[in-house]
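**Q** Got a predicted model here, sequence first, then my questions.
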Amino acid sequence: MTPLKFDELISAWRELLPEVNTGLKAWGKSPALPQDKPFISRFHEMVEQMATTYLQASPEQCAEVRALIRQFEGVWWCLRLPVRKPEGEREFKLELAVLSMRDHHKDTRDELVTLSGLLRVAHEAGIRVATALKEVAALSSNDDRYGMGSMREILEHYDATTKN
């Protein structure tokens, strides 16, 4: 991704994320799921744009995206694509990008469960996962946040154990 295009996008996210974060943090304190469908839709569109950008970015740009997300607890906590099964390699890579962007979130074990589920669904759909895991691993952090390996190591480990 060209530095100019990336700079434009990350600047837009820096402006948008504080407002989004406020709404998401409020939802985290409420017992019911949020009902503001236009807001949820815009958030998911932004997450998909961020994941798409992440997959095209340099490792340094990816580190900048991860650092930006960590500044906003509500965004970090809710960072997901709309619930859907990855039906092709593109959707699978977007899901992996979001996992990499969260960079362990609060608990690596939760992310391992998420990754395991993604791999199961991808295998069932006939998606060749090894290449996608390797590509996203190369963009991921080397930081071992909780003593269970870095996100890069985790994705590389799964890459070594996949069959296709």
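**A** Nice, I can see it.
**Q** where exactly do the helices run in this structure?
**A** Per DSSP state H, the chain carries helices over the ranges 3-28, 37-56, 59-70, 73-78, 89-102, 108-124, 129-139, 151-161.
**Q** Pretty sure Arg66 sits against Leu99.
**A** No - if you go by Cβ atoms under 8 Å, Arg66 and Leu99 don't touch, sitting 11.4 Å apart. In short, each C-beta sits where N, CA and C put it, glycine included.
**Q** So for these two, which sits in the more crowded spot?
**A** For Arg66 versus Leu99, the count of surrounding residues by other Cβ atoms under 10 Å is larger for Leu99: 24 against 20.
**Q** Quick check: which of the helices of the chain is nearest to Arg145?
**A** Nearest to Arg145 among these is helix 108-124; the distance by Cβ to Cβ comes to 6.9 Å.
**Q** Just name whatever secondary elements the closest one is in contact with.
**A** Where contact means 3 or more Cβ pairs under 8 Å, 6 or more residues apart in numbering; DSSP states H and E, helix 108-124 is packed against helix 89-102, helix 129-139, helix 151-161.
**Q** Number of residues surrounding Arg14?
**A** Residues contacting Arg14 under the criterion other Cβ under 10 Å number 12.
**Q** And it, what's its pLDDT?
**A** pLDDT, Arg14: 94.
**Q** show me what contacts it?
**A** By Cβ atoms under 8 Å, 6 or more residues apart in numbering, the residues touching Arg14 are Leu68.
**Q** Return the distance of it relative to Gly117.
**A** Taking Cβ to Cβ, to the nearest Å as the measure, Arg14 and Gly117 are separated by 31 Å.
**Q** And the spatially most central residue of the chain, how close does it get to Arg152?
**A** Geometric centre of the chain, nearest residue: Val98, 1.0 Å, by Cα atoms, centre = their mean. Distance of Val98 to Arg152, given as Cβ to Cβ: 16 Å.
**Q** and the residue lying closest to the residue nearest to the centre of the chain once chain neighbours are set aside, how many neighbours?
**A** Spatial nearest neighbour of Val98, chain neighbours left out: Ala51 (5.2 Å); criterion: Cβ to Cβ, 6 or more residues apart in numbering. Ala51 has 22 neighbours, counted by other Cβ under 10 Å.
**Q** What pLDDT does the model give Ala51?
**A** For Ala51, pLDDT reads 95.
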